[in-house]
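[1] sharing a model prediction with you, sequence too.
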Amino acid sequence: MIASSAAVRSLAASLSRTAAGGRTAFAASGAVRTFASVDIYSDFGKGVFTGKVADEYLKKQGADGSVLKDPNWTKTHADVVAAAVLDWATDNGANVYCHWFQPMAASGVRHGLTGQVHNMMLKFNDDLEPVYDFKGKTLIKGETDGSSYPNGGLRGTHQAGGYLAIDTSSPIFMRGDTIFIPSAFVSYYGAALDEKTPVLRSNAAVNKQACRLLRHLGLDLSGEWGKGVRSNIGLEQEYFLVPRDAYYRRPDLQMTGRTVIGKDAPRGQEMCDHYMAPPSSATPALAFMQEVQDECWKLGIPLKTRHREVAPNQFEFAPLYGYNTTQIDQNLMVMQIIEETAPKHGLAALLQEKPFNDVNGSGKHNNWSLATADGVQLLDPKDINEATGNDIAFPVIMSAIVAAVDDHGDLMRMAISSPGNDFRLGACEAPPAIVSMYLGDDMTFYLEHFKDGKGKGAYEPGVKTLDLGTREVLPFEVPAEDRNRTSPFPYGGSRFEFRAVGSAQNVSMVNAVLNTAVSEKFAEFADRMDAGESAEDIARETLNKHWRVIFNGDNYCDEAQEELTNRGIWRIDSGVEALHALTSEKNVKLFEKMGVLTREECEAREIVLHDHYAGTVEMEALSLVDMIHQNIVPSVKAAKVGPLEDLFEAVKTIKAALAGIHAAETSYEKAQLARVLRLETMVEIRAVCDAAEEVVPADLWTLATYKELLFLDTHVDAAPTEEVYEE
């Protein structure tokens, strides 16, 4: 059930927050539960200029929604579309617009992960009266001051121009009084200053090379616009909710999104009791989730799934899948709406990958697939084989993807190297930093026989029957393959799930890497077929060469990790070193060959990402210094117990380490030193601080504890509620 707007507002209005006895008290009365109704679906997409909404307003301008299907409308119908958007905006109370873009290095620090400058749709007429004004040239491009965005040397302070161009693959949307225009953000010389431009270029590459390969396999997609191949994704968003009054008593959470200290509570996730447990109406979490879904629904974001995750106070949303640029844009809005909705319910939302020690962190599983514009799934064996009329189409495509993962696992590791993933990868909550792929026993058996020339015919996914031995539950079929949640890149039937992506990330680089790596292999196959080689021979040779990257076992197992390392599969334990892989000669050549990034853009992006890492660590270190001085030392003194001298020494150690980082000459060197400070020095200092928390009486400890932060269900007083049922 998705709650109606009225229900959400009623419930939100009925919740008030008071602090009592170390617990967060929510006095709820008159809470409303609505019955399921199809009426809610009528609001879907009302805030998005696409489909029926766009068609209605474009017809008033003598056109229709079909003009938006061809990007050339920016040249042929810009004024028409702008007039329609203006009418739509004013009819819905909006009179502001912005070009909405995605600066680099926003993860964990920039609210919403986007940039925008709001401008009113107005001008003054000859009588100095304000009138609406919004022209085509205003809609399709803009200019802003690009001087204060991370750029890695792509532009100087005296070259401050930043240029914005509408991304026609992602629809214009409306929120409140503002029209948002998804845009690419580049320098005066066309260098990418954003996250969006590389993924758009990678889409062009995968479309071109996939069409070349498919033509050889029997499916010709050339001709009119919109017949090509596109990359689809579905993004699962995990997050934590904590009481907001406790959040205000944790400077580290406020400043950095994670707890840099904190003694474990007596209870964690060891009983697996939080995972998919019923959402409780006694806490504000359910009302929060309903409101987020309702807000997203209006923006055309099909946020279908909500549930509790493994760690206490951890939750997840998941949408239906769609075109990658649209899904990325929508995910950024989901993250922003999550953060903005939480305070209305007395909560704080934490999107960082590892906010708490010794419980699971949060990810954003990136379900990646390829499909033709009319819906033929390249990774669905039956679908692609039927469309091509060729039983070997599927194994040929799969062999190219196997080769891409084996050759470019270092880039896949680079793409997930957000600061928060330092603490998450390989911790029995996310795959380790060894980039293998899972295919399942049936698929592996089929491809092994294919590569060895032992079998012919199409791959048919198996099923098996489960019989529980009861009359009430009849035997039922399930896939022959189990899920492998320990693999970084498992095949899930028509898609691959990149499981190691961090929850706070903009996933543009992740998908640019996947598209680019696969595009290269598609191009190599097509080149060889152009020269007369058979698809079957190329695929068999490729599988034999790259078979080592396939692993169907337990990736968490130490022996398995040793085996995979010995195989020579890409393993980069350090996120800092993984970021450095962006500028290896192999990877620069790949990006340049596929037209995704230039050498200069690769080098600049590495600088930006290393600066982002070092900056994140510095904020965490300074937060720790403040907490030691302002909270922990006073508590230890008041209690007359605890490691006081060790705390003073800890501050000196942190300051010395920060001075060393500042003295380093390059961004790479700064990030290397920052990693040591974070994963070695600060871990040792954390133990000192947690030892202090263990012995200081609770009434003298001024920081919110894990016990107060992580257990909404047991730390909330709820007054009896009256259930009101509405039709």
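    Thanks, I have the structure now.
[2] now the helices for the stretch 551-700 of the chain?
    Assigned by DSSP state H, counting those that start in this stretch, the helices in the stretch 551-700 of the chain fall at 558-567, 575-580, 585-593, 599-627, 633-639, 644-663, 667-676, 682-695.
[3] next: the stretch 1-150 of the chain.
    Counting by DSSP H, counting those that start in this stretch, the helices of the stretch 1-150 of the chain are 5-14, 51-59, 73-76, 78-91, 136-140.
[4] and the longest one, which residues are buried?
    When burial is assessed from 16 or more other C-beta atoms under 10 Å, helix 78-91 yields the following buried residues: 78-89. Glycine gets a C-beta too; all of them are placed from N, C-alpha and C.
[5] ok, the last one next?
    Using 16+ other C-beta under 10 Å as the burial criterion, the residues of helix 136-140 that qualify are 136, 138-140.
[6] list just the nearest of those residues to residue 342.
    The closest of those to residue 342 turns out to be residue 139 (C-beta to C-beta; 33.2 Å).
[7] now that closest one: how far from residue 114?
    Computed as C-beta to C-beta, to the nearest Å, the residue 139 to residue 114 distance reads 18 Å.
[8] distance to residue 39 added to the buried residues of helix 78-91, as JSON lines?
    Shown next, in JSON lines, are those (distance: C-beta to C-beta, whole Å):
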{"residue": "78", "distance to residue 39": "36"}
{"residue": "79", "distance to residue 39": "37"}
{"residue": "80", "distance to residue 39": "33"}
{"residue": "81", "distance to residue 39": "30"}
{"residue": "82", "distance to residue 39": "33"}
{"residue": "83", "distance to residue 39": "31"}
{"residue": "84", "distance to residue 39": "27"}
{"residue": "85", "distance to residue 39": "27"}
{"residue": "86", "distance to residue 39": "29"}
{"residue": "87", "distance to residue 39": "26"}
{"residue": "88", "distance to residue 39": "22"}
{"residue": "89", "distance to residue 39": "25"}
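[9] which single one of those is nearest to residue 624?
    residue 89 (46.7 Å).
[10] so which strand or helix has the residue lying closest to that closest one once chain neighbours are set aside?
    Leaving aside its sequence neighbours, residue 89 sits nearest to residue 179 (C-beta to C-beta, 6 or more residues apart in numbering; 5.2 Å). Residue 179 belongs to strand 178-187 when elements are defined using DSSP states H and E.
[11] tell me which helix or strand comes right after that strand.
    Following strand 178-187 toward the C-terminus (DSSP H and E): helix 196-217.
[12] how far off centre is the helix or strand that comes right after that following helix?
    On the C-terminal side of helix 196-217, the closest following helix or strand by DSSP H and E is strand 229-235. From the chain centre to the centre of strand 229-235 is a distance of 13 Å (C-alpha atoms, centre = their mean, to the nearest Å).
[13] repeat for stretch 398-410
    From the chain centre to the centre of stretch 398-410 is a distance of 22 Å (C-alpha atoms, centre = their mean).
[14] ok, and what's touching it?
    Contacts with stretch 398-410, where a contact means C-beta atoms under 8 Å, 6 or more residues apart in numbering, come from 213, 379, 412, 435-437, 439, 443, 447, 451, 489, 496, 513, 517-518, 520-522, 524-525, 538-540, 542-543, 545-550, 569-570, 572, 578, 581, 584, 587, 590.
[15] out of the residues you listed, which end up buried?
    Here, 16+ other C-beta under 10 Å leaves 213, 379, 412, 435-437, 439, 443, 447, 451, 489, 496, 513, 517-518, 520-522, 524-525, 538-540, 542-543, 546-547, 549-550, 569-570, 572, 578, 581, 587, 590 buried among the contacts of stretch 398-410.
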